[in-house]
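Engineer: Sequence and predicted structure below; questions after.
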Amino acid sequence: MSLRAELLRVGLRIFLKRRTRHFDLAAWRQSMLATEKFVPRPPRRCQSAELNAAGRAFQRVVMPSSRPQRAVLYLHGGGYVSGGPAYYRHFTWRIADALAASVWVLTYRLAPEHPFPAALDDAVRAYAFLAGGASEAKELVVMGDSAGGGLTLALLLKLRDAGSPLPRAAVALSPWTDLALTGASLAENAVADPMLNATHVPEIAQLYLGGADPRTPYASPLYGDVTGLPPVLIQVGSDEILRDDAVRMAASLVRGNPRSRLEVWPRMPHCWHLFAPVLPEARQAIGNIASFIANVTAAP
């Protein structure tokens with residue numbers, strides 16, 4: 001583990017981890033809004049455009065290395081209640097470059113204004129739009145982080161159940177897969193996790209579920225049948241409160257498709273990939289993602 005990673009853990013614990021017992025959504029959103037201006041801009045060689053399609057807004061990110069036949073549908077994190085493409089502009093260009101793809105970051109509807117299954121419905125429409133493009137559909141990958149990682153896996157289940165064509169592969173970063181909150185790491189890592197407050201998670205889950213069964217697979221893919229899903233790479237930090245969401249989900253995915261893979265990174269914080277401008281482990285993890293996708297797409 002690098003010195004920068006250790007310093008990052010300290011900083012996250014001081015500045016980001018909320019000590020309050022109850023989750024204040026308005027304050028959370030306001031805090032995120034205040035940080036947006038500090039998100040680094042992509043390099044000049046990156047082409048980024050806002051567009052509307054399939055009834056939803058996207059940010060399309062393209063690098064000189066991007067191949068016209070490869071596209072990534074990216075589903076952002078934020079507990080289903082916050083977030084958006086602007087908070088990922090320092091990261092999505094790196095994914096586009098590493099995967100030699102165009103990256104389409106979806107602005108899906110947020111809870112509690114739009115509870116489950118609004119986000120999933122938006123993801124299905126977005127995927128159908130990309131899959132319907134002759135050039136973009138040849139090597140289509142779905143990827144997401146945190147809640148977006150769970151949404152990625154729920155999307156795979158929904159597409160499979162509907163008989164729709166599936167992507168070539170998927171990637172889930174620190175995914176939230178169990179809104180029933182049964183993972184032992186929620187308690188075991190409550191102190192160790194430098195970023196997420198375990199006492200807030202039940203409230204955030206209820207905001208998204210809006211009364212729905214937390215064990216429904218389209219909200220909590222951990223409870224779904226993964227038969228027939230494409231290869232999935234899951235990356236998670238060892239000290240995350242969501243570690244067991246990732247570990248248990250990956251065990252199921254590997255049983256269903258041996259080409260799926262789990263990486264547990266020692267002492268990495270939640271979605272450490274988003275600290276790529278300063279964290280070598282983030283850039284290493286992105287490299288592993290690129291290798292995984294290259295191996296999957298090279299297979300017949």
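Structural biologist: That came in fine, so what should we check first? Numbers count the residues shown, from 1 in each chain.
Engineer: Now do stretch 242-260, average pLDDT.
Structural biologist: Averaged over stretch 242-260, pLDDT sits at 98.
Engineer: hey, C-alpha coordinates of it in CSV?
Structural biologist: Taking Å, rounded to 0.1, in the frame of the first residue of the first chain, the C-alpha atoms of stretch 242-260 are listed here in CSV:
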residue,chain,number,x,y,z
LEU,A,242,-19.7,-3.1,1.5
ARG,A,243,-16.9,-5.7,1.2
ASP,A,244,-19.2,-8.7,1.8
ASP,A,245,-21.7,-7.3,-0.7
ALA,A,246,-18.9,-7.7,-3.3
VAL,A,247,-17.4,-11.0,-2.0
ARG,A,248,-20.8,-12.8,-1.8
MET,A,249,-21.9,-11.5,-5.2
ALA,A,250,-18.7,-12.5,-6.8
ALA,A,251,-18.9,-16.0,-5.4
SER,A,252,-22.3,-16.4,-7.0
LEU,A,253,-21.1,-14.9,-10.3
VAL,A,254,-18.1,-17.2,-10.5
ARG,A,255,-20.3,-20.2,-10.0
GLY,A,256,-22.4,-19.0,-12.9
ASN,A,257,-19.6,-18.0,-15.2
PRO,A,258,-16.0,-19.1,-14.3
ARG,A,259,-14.6,-16.1,-16.3
SER,A,260,-16.0,-13.7,-13.7
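Engineer: Just give me how far that stretch sits from the chain centre.
Structural biologist: Between the mean C-alpha location of stretch 242-260 and the chain-wide mean there is a distance of 15 Å, by CA atoms, centre = their mean, to the nearest Å.
Engineer: Which residues does it contact?
Structural biologist: 146, 150, 153, 172, 174-178, 183-186, 189, 196, 221-222, 226-237, 240, 261-262, 264, 270, 296, 299 (CB atoms under 8 Å, 6 or more residues apart in numbering). In short, each C-beta sits where N, CA and C put it, glycine included.
Engineer: Now intersect these with the strands, please.
Structural biologist: Taking DSSP state E, the ones among these that sit in strands are 172, 232-237, 261-262, 264.
Engineer: Packing partners of the helix or strand of the chain with the lowest mean pLDDT?
Structural biologist: Comparing helices and strands within the chain by mean pLDDT, DSSP states H and E singles out helix 3-15 as the least confident, with a mean of 80. Of the remaining helices and strands, those touching helix 3-15 by 3 or more CB pairs under 8 Å, 6 or more residues apart in numbering; DSSP states H and E are helix 280-298.
Engineer: quick check: angle from the helix it packs on to strand 232-237?
Structural biologist: 170 degrees (axes from the mean of the first three to the mean of the last three CA atoms, to 10 degrees).
Engineer: what's in contact with helix 280-298?
Structural biologist: So helix 280-298 is contacted by 1-2, 4-5, 70, 94-95, 98-99, 139, 141, 143, 168-169, 171, 230-231, 233, 235, 259, 261, 263, 265, 268, 272-276 (CB under 8 Å, 6+ apart).
Engineer: Am I right that Y80 is in contact with P112?
Structural biologist: No. In this structure Y80 lies outside contact range of P112 using CB atoms under 8 Å: 9.1 Å.
Engineer: Find residues that contact each of the two.
Structural biologist: When CB under 8 Å, 6+ apart defines a contact, the residues bordering Y80 and P112 alike are 207-208.
Engineer: Comparing the two, which shows the higher neighbour count?
Structural biologist: In terms of neighbours (other CB atoms under 10 Å), Y80 is the more surrounded of Y80 and P112; the figures are 30 against 14.
Engineer: Give me the buried subset of the contacts of stretch 242-260.
Structural biologist: Burial by neighbour count, judged by 16 or more other CB atoms under 10 Å, picks out 146, 150, 153, 172, 174-178, 183, 185-186, 189, 196, 221-222, 226, 229-237, 240, 261-262, 270, 296 from the contacts of stretch 242-260.
Engineer: that older thread, dump the least confident helix or strand of the chain to PDB, restricted to CA.
Structural biologist: Extracted C-alpha coordinates of helix 3-15, given in PDB (Å, rounded to 0.1, in the frame of the first residue of the first chain):
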ATOM      1  CA  LEU A   3       2.100   6.300   1.300                       C
ATOM      2  CA  ARG A   4      -0.400   8.300  -0.800                       C
ATOM      3  CA  ALA A   5      -3.100   5.700   0.000                       C
ATOM      4  CA  GLU A   6      -2.400   5.900   3.700                       C
ATOM      5  CA  LEU A   7      -2.600   9.700   3.600                       C
ATOM      6  CA  LEU A   8      -5.800   9.500   1.600                       C
ATOM      7  CA  ARG A   9      -7.400   7.200   4.200                       C
ATOM      8  CA  VAL A  10      -6.600   9.800   6.900                       C
ATOM      9  CA  GLY A  11      -8.000  12.600   4.800                       C
ATOM     10  CA  LEU A  12     -11.200  10.800   4.000                       C
ATOM     11  CA  ARG A  13     -11.800   9.900   7.700                       C
ATOM     12  CA  ILE A  14     -11.400  13.600   8.600                       C
ATOM     13  CA  PHE A  15     -13.200  15.300   5.800                       C
END
